[in-house]
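Novice: Give me coordinates for this.
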Amino acid sequence: MATPLALQLYTVRDAMAADRGAALARAAEQGFRAVEPFGIGNPQRPLEERLADAREFRSQLDANGLKVVAVHGSVSAGDEADGVYDELEILGTDRLVAPVPGAVAGVGGGMGNDVLAKADGVKLLAEGLNAAAERAAARGVKVGYHNHDFEWQPVEDGTPAYDILVGHLDPRVFLEVDVYWAHTAGQNPAQVISSYVDRVFTLHVKDGPGVRGQLQTAVGQGSVDNPAAIAAGTNVGYHVIELDEAPGDPFDVSRTGAEWLVERGLSSWS
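Specialist: Below you'll find the predicted structure:
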């Protein structure tokens, strides 16, 4: 049975900022039945404001027949984590993904990818994720980590940071493998997924030239062997379509890629 699709809403972030309800309606019109929101647990916003926004968001999702498979957001083992779990509960998901190292409390601001330059920094990131996963488990929430390309930079002894990171993660921390960024890092995405197959819950299925700074494409129109990556992900729950930057309307480009996957029996709409 083909794995269901979801749309990472960062793909249509401009439309979401302009009119979230209309953006979600269009995503549903394109055929998507599931989404992955981003920016959840923003510490710059008061909690009550975030909770009120989550309730409105949930109402808009329900109105368009969309469910949330996971969210990208702030990951912490501190008391502030409870508010993030409250947002997840309202949105109807139990999976919280750190989209970059900097999303994990105690690691650093911004992207936080400089922490990956040394083994001790990578272990610090793992410790932050592990502590967060332990606290989250008490609320029935699962914590995950999403890669870019910089996770494969070597640390002092030449070992890729990603391998050190996963090696130090608590088994409760799941992986969201971004196939495109693994490919851009010079990795074989299928091999990456196979190496950690029991831990990979979601795939970010993307395509393009595999060169940082160049525009991405619809799935099936670039250099990524997405069929091999998908075949390797035997325990994957969702194929998440995402575009960071691509020419054209992101809704249309996303649908083109989704149709390519569905037509080949690699994914399903629901």
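
Novice: Now do the phi/psi pair for Ala218.
Specialist: Ala218 has phi and psi values of phi -70, psi 150 when expressed as degrees, to the nearest 10.

Novice: which residues does it contact?
Specialist: Taking CB atoms under 8 Å, 6 or more residues apart in numbering, we find Ala218 in contact with 207, 246, 253-254, 256-257, 260. Bear in mind the C-beta positions are built from the backbone N, C-alpha and C, glycine included.

Novice: Run a quick neighbour tally on Val104.
Specialist: By other CB atoms under 10 Å, 26 other residues sit near Val104.

Novice: does it have beta-bridge partners, and which?
Specialist: Note on Val104: beta-bridge partners by DSSP bridges are Val75.

Novice: That one: what's it in contact with?
Specialist: Per CB under 8 Å, 6+ apart, neighbours of Val104: 75-76, 98, 112, 125, 128-129, 132.

Novice: Then Asp249?
Specialist: Contacts of Asp249 by CB under 8 Å, 6+ apart: none found.

Novice: again with Val71
Specialist: By CB under 8 Å, 6+ apart, the contact list for Val71 reads 36-38, 40, 87-88, 91, 93, 95-97.

Novice: Filter the residues you listed down to just the ones in strands.
Specialist: Among the contacts of Val71, the ones falling in strands (DSSP state E) are 36, 95-97.

Novice: all strands for the stretch 151-270 of the chain, in order.
Specialist: In the stretch 151-270 of the chain, the segments counted as strands under DSSP state E, counting those that start in this stretch are 174-178, 200-205, 238-241, 267-268.

Novice: hang on, the earlier thing: from the contacts of Ala218, pick the one nearest Gly102.
Specialist: Closest to Gly102 out of these is Ala246 (24.1 Å), distances taken as CB to CB.

Novice: For the nearest residue to that closest one once chain neighbours are set aside, give me its contacts.
Specialist: In space, and not counting its chain neighbours, Ala246 is closest to Gln216: 4.5 Å by CB to CB, 6 or more residues apart in numbering. Gln216 sits next to 180, 206-209, 222, 243-246 when contact means CB under 8 Å, 6+ apart.
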